[in-house]
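Q: Could you look at this predicted model? Sequence included:
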4 protein chains.
Amino acid sequence: MILSIKIVSMKKLVLFAIILTLASFSTMQQKERIIFFGDSITQQGAGPGGYIIKLGDMLKEKGLQDKYELTGAGIGGNKIYDLYLRMDDDVLAKNPNTVVIWIGVNDVWHKRTSGTGTDADKFEKFYNAVIKKLQAKNIKVLICTPATIGEKSDFSNEQDGDLNKYSNIIRDIAKKNNCELIDLRKAFHDYELSNNPDNKDRGILTADGVHLNEKGNQFVADQMMGALIK
Amino acid sequence: MILSIKIVSMKKLVLFAIILTLASFSTMQQKERIIFFGDSITQQGAGPGGYIIKLGDMLKEKGLQDKYELTGAGIGGNKIYDLYLRMDDDVLAKNPNTVVIWIGVNDVWHKRTSGTGTDADKFEKFYNAVIKKLQAKNIKVLICTPATIGEKSDFSNEQDGDLNKYSNIIRDIAKKNNCELIDLRKAFHDYELSNNPDNKDRGILTADGVHLNEKGNQFVADQMMGALIK
Amino acid sequence: MILSIKIVSMKKLVLFAIILTLASFSTMQQKERIIFFGDSITQQGAGPGGYIIKLGDMLKEKGLQDKYELTGAGIGGNKIYDLYLRMDDDVLAKNPNTVVIWIGVNDVWHKRTSGTGTDADKFEKFYNAVIKKLQAKNIKVLICTPATIGEKSDFSNEQDGDLNKYSNIIRDIAKKNNCELIDLRKAFHDYELSNNPDNKDRGILTADGVHLNEKGNQFVADQMMGALIK
Amino acid sequence: MILSIKIVSMKKLVLFAIILTLASFSTMQQKERIIFFGDSITQQGAGPGGYIIKLGDMLKEKGLQDKYELTGAGIGGNKIYDLYLRMDDDVLAKNPNTVVIWIGVNDVWHKRTSGTGTDADKFEKFYNAVIKKLQAKNIKVLICTPATIGEKSDFSNEQDGDLNKYSNIIRDIAKKNNCELIDLRKAFHDYELSNNPDNKDRGILTADGVHLNEKGNQFVADQMMGALIK
């Protein structure tokens, strides 16, 4: 009797174990892996107080922490072609479900600071190549416009014209590749119009005109949350 | 009798001649000498169909041709410091009553094309020095903002940010030096907003994004007429 | 008898055919496919009078035309990262035995002309990545230093310093990756020292300081012949 | 008697005073006023351990301190046109006998760092204008070539080509204006060839590739001494 009971128990235990495994497997499956792919702004975004950390905190508050895994893949000084060069190792190897690309500031900025920005046509070409490679693996791609190089709200920051130009290119790329657009440039500009009455070039959402301060990290996290979780 | 009459006539003739001379001298005195001091846009402005020629035609139509003498002093590629270097020979030596300064496009443009633009602080310094030297001779000074490097109306021409920045500097200079401002940048931008629906980068008021076409020369002539003749 | 002889003949014929086929196959195998991978200089090099055409002619004179197949893969304006982007389609898809890479002029030149040159560290990174990908397919790689941007022989061409810097980088890359180096910069400089007594900036081996004239194409063909056929 | 003696004494005293005054005046006349006119290198040259201070010390050692008065007139970031703008206040107002001009590093360097270098033809134009204005006042003018932007000895510092080009321009200016040339670029390069075996870009005669270290200040003082005191 005992033996037969034991056998039954054994069967039940095995069954239970299988169900548990399947359940946990199914939970793992549901966890969406999101990689944030970009430059120094994203590199800092994965550090203390950064926008990726803030996004994680916001998910926790909503009780969604088990549904998403957020990973930063930002490297300082990166331009679009740097993303292309390192995407196999830094993104594809990690099998993400979703990739958020935020690049473009250095492609414009370095024209002035070191003569090594990116031509507009090459920018578009490499951007398309990055997206194509991601979409070929069924990865969802969201792309962002570059926010600011200088926070003046009257388009009198030295490189505003070029930033607007590259943002237009990115908006076109989003349409053509059927990617969701997170239009940070527009969002920042709208914010500056209302919140930068003295037309300052830094100190509103950035520390130095480019890199996010506390408020800027929260602002970006809010923008991304709206696009990522619906 | 005849002799005495002759003598009287002689006296009258001399008197008449003196009056005539004085009158013509007084007319000469009233003729206001205006020099247009600038770069290639002004150099072309003094050529066929140029804005200075058009201004002259407009004065003729108003019957004011004897009241004004218009002279072009534009040289291609000039920046503010070039004006400073050649102002003794090309402007002061000609004893103008009024000088219209229109400079700044190359100070910005050459940053991109040859790495030889003008630093913003130096731009202001030289601009002030040019004005001071003119005002010290009681010459009336009117100054213009640079119009365009690319005619797109959404501030997405590559150097729009820098052009806006230098235009702000010029607006400040006008205030501080009590000069009249001819705000061509603003006037052009307003015009583009209404008249450039396809957001083209040339062909509206310019031939190449910088140098004026027929319509552009007329537009500038109109702007200047409003500031010069009141 | 005749029949049996015929059968024997038939067998011999088949055998002969097989041998012929194998022989021709083996000849095909021996034909070395060489791709010249570069920028506008190489694009022109594949055109009339170009260095690749001249190399072909030289091989014909030596009776080696059946041993080599030369293909140009140059595109105007290309920098090292453009080669990386298009190497799958334009080089690997063609199964070359040997690739000659000649790149670098635009990586330096565009710093001055459009603010879009290539950072030295990125240049090295992409160059290594291109070589690694070729060598992984057992393709022999030869690499060239950029020749000139201006032909003055006293290192007073505006970008001589940077060209020397990038040439040093390429020399290092050749050593580290065990590639043969075709040191065109050194060869050109040596030639200019003896053949440019008036220190002219063009017209000796180039038409415009960068792109090869007749003599320059022959000079490069000679340099490459020495490296390719030993 | 006493009175008459007194009167004689009085006369003698007055005579003596006059002679003394004339003597001291004549000494003052003999003191040669030398102004060093330049950029940050010269600004630092007038500070502790700077080349102008070292020159003063060397004159003292030779007992020549009463014969020369050395004055620094260097301002950081200056290019040739800045010298032209401030020469009235900073040089002519001080009535120098001799002016040593050392400029050119920023005219080249700022092309790379901020897009605001000086065109070669404008460089020559302003340099000639500065010299003409000094020579018109019978001031002796000595001019220097720019030393280094990077100390590598194989002309592989990024801007070596342009520095060589502007140095050639200065050598021509010296000849055409009959100015003595202090060829610091050549002197530095010769020194680096013998004293920089590891081809380092700084630390030999400069701290950062541009600004002089202790040894560099002494080296420049030696070069200038040779040209100034013969």
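A: Now that the structure is in, tell me what you want to look at.
Q: Around chain C, which positions in chain A sit nearby?
A: A:81-82, A:84-85, A:110-112, A:114-119, A:122, A:125-126, A:129 (Cβ under 8 Å from any Cβ of the partner chain). To be clear about C-beta, it is placed using only N, CA and C from the backbone, and glycine gets the same treatment.
Q: Counting neighbours, which of these end up buried?
A: With neighbours counted by 16 or more other Cβ atoms under 10 Å in any protein chain shown, the residues of chain A next to chain C contain buried members at A:81-82, A:84-85, A:110-112, A:114-119, A:122, A:125-126, A:129.
Q: which stretches of chain A form helices?
A: With helices called from DSSP state H, chain A shows them at A:2-30, A:40-45, A:51-61, A:80-90, A:105-113, A:120-135, A:160-176, A:184-195, A:214-228.
Q: which bits of chain A sit near chain D?
A: Residues of chain A lying near chain D by Cβ under 8 Å from any Cβ: A:Arg112, A:Thr113, A:Ser114, A:Gly115.
Q: and the residues you listed as TSV, adding pLDDT?
A: TSV is the format used below for the residues of chain A next to chain D (pLDDT from 0 to 100):
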residue	pLDDT
A:Arg112	94
A:Thr113	93
A:Ser114	94
A:Gly115	96
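Q: Among the residues you listed, which one sits closest to B:Ser156?
A: A:Arg112 (17.0 Å; Cβ to Cβ).
Q: Could you report the separation of that closest one from C:Gly104?
A: 23 Å (Cβ to Cβ, to the nearest Å).
Q: Equivalent analysis for A:Val100, please.
A: Counting by Cβ to Cβ, the gap from A:Val100 to C:Gly104 is 34 Å.
Q: Please name the residues that touch A:Leu134.
A: By Cβ atoms under 8 Å, 6 or more residues apart in numbering or on different chains, the contact list for A:Leu134 reads A:Met87, A:Val91, A:Leu92, A:Val99, A:Val141.
Q: what sits opposite the fourth one in the beta ladder?
A: In other words, A:Val99. Beta-bridge pairing for A:Val99 (DSSP bridges): A:Ile35, A:Val141.
Q: Now that it has come up, it's in contact with A:Arg33, right?
A: No. Contact between A:Val99 and A:Arg33 fails when scored by Cβ atoms under 8 Å: they sit 9.4 Å apart.
Q: These two: which has the busier surroundings?
A: A:Val99 (28 against 15; other Cβ atoms under 10 Å in any protein chain shown).
Q: who's in contact with that one?
A: A:Val99 is in contact with A:Ile34, A:Ile35, A:Phe36, A:Phe37, A:Val91, A:Leu134, A:Ile139, A:Lys140, A:Val141, A:Leu142, counting by Cβ under 8 Å, 6+ apart.
Q: In JSON lines: those residues, plus pLDDT.
A: Formatted as JSON lines, the contacts of A:Val99 follow (pLDDT from 0 to 100):
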{"residue": "A:Ile34", "pLDDT": "98"}
{"residue": "A:Ile35", "pLDDT": "98"}
{"residue": "A:Phe36", "pLDDT": "98"}
{"residue": "A:Phe37", "pLDDT": "98"}
{"residue": "A:Val91", "pLDDT": "98"}
{"residue": "A:Leu134", "pLDDT": "98"}
{"residue": "A:Ile139", "pLDDT": "98"}
{"residue": "A:Lys140", "pLDDT": "98"}
{"residue": "A:Val141", "pLDDT": "98"}
{"residue": "A:Leu142", "pLDDT": "98"}
